[in-house]
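Engineer: here you go, sequence then predicted model.
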Amino acid sequence: MAKNKNVRIVNRKKNTKRKSYADEKKLSFTPEVKTVIWTCLVVAIVLGVFYLITIKATGGTIFKNDKEDEKVEFQYSEILVGRSFDLEGDYYVIYYDMSDTESDEYENLNNAISEFEGARGGSNFYKCDLSNAFNKPFVTTNEPNTNPISAEDMLLTNPTLIRFSDGKVLEYIYGFEDVENYLTSNNM
């Protein structure tokens, strides 16, 4: 009987040794695996911090859509030089540098434009900003082309007022004083 007890004890020791050796194999990581795990943890923490900063900066969740209630409105009063000849009917287009808000000439011109628009109800009056990059090729400091046939022929000074009828030039006025005089004298 003593032999059987010894055998059982040895077998138990062998089994426990096997289990502990197997457990050690399962839990041991190579340095590469440890590096990948740490990298993933650091990236997850950094992303979490950026997410929290974004939420704090936007004042709520980043997935919230506040623009659902806003109505999109298109403005048709400002056009590009290239569209000047494309409109139908009788209309006016004023070409001027809208970024030059400091000068007295600009203020006087802006007042004359507002009065002219108000007298006509704002219809058939368009503005063209010469400071816009798309309009820059049409701006000149020399003599303007006062009889353009198409948009490609346009050479404009600041400011210029042109009266069109079905895409044809009827009147061409340029220079601050002349444009202001025309606008104020034609208020109906």
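Structural biologist: Now that the structure is in, tell me what you want to look at. Numbering: from 1, shown residues only.
Engineer: helix or strand next in line after the top helix by length along the chain, which one?
Structural biologist: As assigned by DSSP state H, the longest helix anywhere in the chain is helix 31-58. On the C-terminal side of helix 31-58, the closest following helix or strand by DSSP states H and E is strand 90-96.
Engineer: what does that following strand rub up against?
Structural biologist: The contact list for strand 90-96 (CB atoms under 8 Å, 6 or more residues apart in numbering) reads 79, 81, 84, 106, 109, 113, 116, 124-130, 135, 156, 158-166, 170, 179. To be clear about C-beta, it is placed using only N, CA and C from the backbone, and glycine gets the same treatment.
Engineer: and the buried ones among the residues you listed, selectable in PyMOL?
Structural biologist: Buried residues within the contacts of strand 90-96, by 16 or more other CB atoms under 10 Å, are selected in PyMOL with:
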select buried, resi 79+81+84+106+109+113+116+125+126+127+128+129+130+135+156+158+159+160+161+162+163+164+179
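Engineer: can you count the residues close to Asp178?
Structural biologist: Residues near Asp178, counting by other CB atoms under 10 Å, number 13.
Engineer: residues in contact with Glu117?
Structural biologist: Phe125.
Engineer: tell me the SS of it?
Structural biologist: helix (DSSP: H, G, I helix; E, B strand; the rest coil).
Engineer: next one, pLDDT for it please.
Structural biologist: On the pLDDT scale, Glu117 is placed at 82.
Engineer: cool, the one 10 residues further on as well?
Structural biologist: As predicted, Lys127 sits at a pLDDT of 88.
Engineer: quick check: beta-bridge partners of it?
Structural biologist: Glu78, Ile94 (DSSP bridges).
Engineer: surely it meets Val81?
Structural biologist: No: applying CB atoms under 8 Å, one finds Lys127 not in contact with Val81, separated by 11.5 Å.
Engineer: so where's this protein uncertain?
Structural biologist: 1-28, 61-70, 72, 74-76, 122, 187-188 (pLDDT under 70).
Engineer: domain map for it?
Structural biologist: If you go by automatic domain parsing, the domain ranges for the chain are 2-58, 81-185.
Engineer: can you put those domains in CSV and add distance to Lys71?
Structural biologist: Converted to CSV, these look like this (distance: least, CB to CB, whole Å):
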stretch, distance to Lys71
domain 2-58, 22
domain 81-185, 20
